[in-house]
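Asks: here is the input, now give the coordinates:
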Amino acid sequence: MKKPLLIIGLLIFGTALLFEGCRTKPGSNPESPKTMNDLIVSANFDWSTTKTIQVYITLPEERPGDMIKIFSIDGAQLFYAGYGDKISNVINTTITLASRHEMVKLMYGNDNRYKEVIVSAGDEIAYNYNDFKSEPTDDDCDLSGFSTFSQGGWGSKAHGNNPGAVRDAHWEEVFPNGLTAGDPSHYTIHLSSSEAARDFLPGGGKSKELSKSYTDPKSKQKIAGNWGGQIVAAIMNVEYDRKGFMGTNSLELGQLVFKEGEFEDLSVDEFLVIANKALGGGGLSGYSINDIQNAAEIINLNFENDDDKSPSDGGDNDYLTCPESGSGTSCGCKKGLRTLTMTFNGNSAALVTVKEKKGNRTIFNENLNPGDNFNFHGTGSDNKMDKTIYFYIDGNLNISMHTSCSVDIFKGDNYGDFIVVDGTSKDELHLCEGSSSACGCEKGLRYLRLRYDGSATAHIVVKEKKKNHKVFDGDIDADDWFSFTGSSKNGKFKGNEIRIYVDDALNTSIHTSCSQDIEVGDTYGDFTILAGSSNKNLPLCGTASGGGGQGGIGGGGSTTTNLNGTLAYEDLWPGKGDYDFNDLVINYEFAVTKDDQERVQNISATFIIYAYGASFHNGFGFEFPSIAPNKVIRATGYDIVYTNIFDLASNGLENNQSNASFIVYDDSWRIMPPIDPAIGVNTEQDKAYVTPDTLTMQIVFYENGSFAPGGPVTYTELDIGNFNPFIVVDKDRSVEVHLPDYSPTDLADQSYFGTYEDNSIPADGRYYKTSNNLPWCIKIPEVFEYPVEKQDVTGAYNHFAEWAESDGALYPDWYQNTSGYRNSSAIYQKPAR
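Replies: Numbers count the residues shown, from 1 in each chain. Now for the predicted structure:
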């Protein structure tokens, strides 16, 4: 009998006896959470927390050669950077991002000519920059041909050509899977049919956030009140218009923007993202329920012509207008700022104070939550501000800002923990979109934002070398960020160096005088620079990868796109384990550099072993399923001594594989041995902590002017988001454990399939699942704080079960450190030093 099967058999037998001895009566603890074995999971569920979607972007005809970047809405993550095809001027590729992202931000070019665009990221990302090339601006905006219905109209019974008839006639074409309003990560309203929509509208009663999800609720239930009805009606107006069943204008209703009010300059589509999140309990984003309700009603009534409540009855179309063209309108900064609207971009609620330098006059002082917008004006004539203003957070200086317009200021500029939303100067001239391309380090740093790359929460202290002055002191979670400024009046750091301590031990130091190169993305000890600024708010160059980063951008037509996440394994396959998913916890980060034709040049692949709670001596590797070995020139950086088990070619790839396959290391126990006698490393709270081990591989596709003999690999062909990682169990090269429904490599022994608890059916493309569809590995798109030894993951993460049983529809962000999401006592914590 094969050794792994014998060991697994004994373990399963012993485990069965153990459970028999401590079994409780059924139902004796009805309040206990579901375990993995209790879950009822669809056979088609892939257990993925990410999605890979098609990107199809047509670049502007007048300037098609610039770089496009695709960011998360908050700008914290860069999902893609690249160039369009030189003939078609189209970007046609795929990207992988966390399933929780429903919208993304597009940024084109390096100047302010093209405004940022927010688009849907559901099943695809599609946008055409030429759609707006000749559209009129506000001065000559043609809104003829638009039509909207109120929520009462949408809720009417079908008669003749009334709104109810329009609803019934086209429902299946507009909403083939039903209409869903709200936040899929929390609570939703699902209307499965036109009849259900009629019965729900109009929504009445007091407006309130959803506290649970509903399917086909009735109007009389008043589940969300008036704003629920207004939001559903707005969705119907936008989607019926988008499908061409309402109005004749070449613009879409969703593209129109608010002319004034709380949502001024936001498009209808952008507003509905905010409204749905708020309705579903995901947060109000700094607005009130009344703000959102009124704006939704404006959309519904703006082009309704069947009663005198419509603002367009007089022909003025007062509330919505056309989007700006790609080149924008007159804007800039002239003779000093009068007003500013900023977004607070801190990581927790705080008292924000703004003061003018002259006279130390306070011009703003309020408590704000992260994401809140706020505005203020100066104390001078015509509300002009002093030349310099200071921003304070909880009484501590965060950043200063020069407001005389001698330094370029753009919408979207970052100042410390604040983002410029808009501002006006002389003659009410608004700031331009975009940001300056200038960057660097000049005359000393005065602000830094760092990400802590440790494995667990730690106490972080930052001190200036001069006089040992403390500029930051707080507890920071793994993969979380924090920011600070120097102790000088303008925020500059005193002396030439800061020192960073983790749990009272010196971790690293950073030179701050700008005499040495320093960029975003640079790493110092357990920290990565995410942002920084020096004299006159000049931002640091570069971009950061990983949890809070923005991906690296190469020069000379090259771009670098990053993918990172964590893999968490059970290693008793084909037998089931204890589902603590800590038999191996390994973080990965791929930095894929490609040329301006999207051909991959090289990949830097970094792996960090955080923990392994396993007695087996397991190895780790991965393959690129669509890439032949002869398309790779060389791979280096692996750590292998057991060459009798792993057979590598001279170029570092594994031999006898039809796809490019790489072994990162051969034995966790060898490269990261435990200090105390233990099951493994960093899974038992009472055992000595071992510093995570990092390995970095370099995979070369292009060198000395030539690609590998097999030819170039495009970014789309690489499909980095679906790389195929696996562990090799206990030094037996024939035993691999993969993600669910990922196929084994050529060297795996497929006779294990269908034995013990494995229910793989290769002919159906089904791999590494049990008969009740449970996996042996999960993938999380960020650093994963894993359960302690023997703790079922469902007891550590309160919404894991709901996510799994809903096929990923509920709580796609179950792994994040959101209030109520975690049972901290069940999650491994790095011990205090």
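Asks: right, and the helix or strand after the one helix or strand in the chain whose mean pLDDT sits lowest?
Replies: In the chain, the helix or strand scored least confidently by mean pLDDT, DSSP states H and E is helix 3-21, which has a mean of 37. Using DSSP states H and E, the helix or strand that follows helix 3-21 in sequence is strand 50-58.
Asks: show me what counts as buried in that next one.
Replies: Residues T50, K51, I53, V55, I57, T58 are the ones in strand 50-58 that count as buried (16 or more other Cβ atoms under 10 Å). No exception for glycine: its C-beta is placed from N, CA and C like everyone else's.
Asks: counting by contacts, list what it packs against.
Replies: In this structure, strand 50-58 makes packing contacts with strand 90-98, strand 124-128, judged by 3 or more Cβ pairs under 8 Å, 6 or more residues apart in numbering; DSSP states H and E.
Asks: what about stretch 93-107, how long is it end to end?
Replies: In stretch 93-107, first residue to last residue: 16 Å (Cα to Cα, to the nearest Å).
Asks: what's the answer for stretch 180-188, then?
Replies: Terminal-residue distance, stretch 180-188 (Cα to Cα): 6 Å.
Asks: what mean pLDDT does it get?
Replies: The average pLDDT for stretch 180-188 rounds to 94.
Asks: next one: it to chain centre, how far?
Replies: Remark: stretch 180-188 is offset 18 Å from the chain centroid, using Cα atoms, centre = their mean, to the nearest Å.
Asks: low-confidence ranges in the stretch 201-350 of the chain?
Replies: 305-318, 324-330 (pLDDT under 70).
Asks: that older thread, so which of the helices and strands packed on strand 50-58 is the most surrounded?
Replies: strand 90-98 (a mean of 19; mean count of other Cβ atoms under 10 Å).
Asks: now do the next helix or strand along the chain from it, average pLDDT.
Replies: Using DSSP H and E, the next helix or strand after strand 90-98 towards the C-terminus is strand 103-108. The average pLDDT for strand 103-108 rounds to 86.
Asks: C-alpha coordinates for the helix or strand that contains R449, CSV please?
Replies: Element membership for R449 (DSSP H and E) is strand 447-452. These are the backbone C-alpha positions of strand 447-452, laid out as CSV (Å, rounded to 0.1, in the frame of the first residue of the first chain):
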residue,chain,number,x,y,z
TYR,A,447,4.8,62.5,5.2
LEU,A,448,4.8,58.7,4.9
ARG,A,449,2.2,56.1,4.6
LEU,A,450,3.5,52.5,5.3
ARG,A,451,1.9,49.1,5.1
TYR,A,452,2.8,46.6,7.8
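Asks: count the neighbours of Y214 for me.
Replies: 19 (other Cβ atoms under 10 Å).
Asks: oh, that last question was meant for A81, not what I typed.
Replies: A81: 23 neighbours (other Cβ under 10 Å).
Asks: for E598, see how far away it is.
Replies: Going from A81 to E598 by Cβ to Cβ, to the nearest Å gives 11 Å.
Asks: now do K384
Replies: 49 Å.
Asks: just C322 next, same as before
Replies: 34 Å.
Asks: kindly report the same for N92.
Replies: 9 Å.
Asks: cool, and F590?
Replies: 16 Å.
Asks: K779 too?
Replies: 25 Å.
Asks: cool, S626 as well?
Replies: Taking Cβ to Cβ, one finds S626 at 15 Å from E598.
Asks: over to G244?
Replies: 34 Å.
Asks: which one's more surrounded, these two?
Replies: With neighbours defined as other Cβ under 10 Å, G244 and E598 compare such that E598 has more, 21 against 12.
Asks: residues contacting that one?
Replies: G82, Y83, T93, T714, Y715, T716 (Cβ atoms under 8 Å, 6 or more residues apart in numbering).
Asks: pretty sure S267 sits against E252.
Replies: No - between S267 and E252 there is no contact under Cβ atoms under 8 Å: 9.5 Å.
Asks: show me the domain layout of the protein.
Replies: 50-130, 151-321, 339-428, 447-537, 559-826 (automatic domain parsing).
Asks: what's the first-to-last distance across the last one?
Replies: With Cα to Cα applied, domain 559-826 spans 41 Å between its terminal residues.
Asks: make a markdown table from the helices and strands packed on strand 50-58 and add distance to G261 to it.
Replies: Formatted as a markdown table, the helices and strands packed on strand 50-58 follow (distance: least, Cβ to Cβ, whole Å):
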| stretch | distance to G261 |
| --- | --- |
| strand 90-98 | 32 |
| strand 124-128 | 26 |
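Asks: could you dump those strands to TSV with distance to H738 and mean pLDDT?
Replies: Shown next, in TSV, are those (distance: least, Cβ to Cβ, whole Å; pLDDT from 0 to 100):
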stretch	distance to H738	mean pLDDT
strand 90-98	17	95
strand 124-128	27	86
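Asks: which one of these lies nearest to L450?
Replies: strand 90-98 (22.3 Å; Cβ to Cβ).
Asks: tell me the pLDDT at the residue nearest to H799 when sequence neighbours are not counted?
Replies: Distances taken as Cβ to Cβ, 6 or more residues apart in numbering place Y811 nearest to H799, at 3.8 Å, with adjacent residues excluded. Looking at Y811, its pLDDT is 88.
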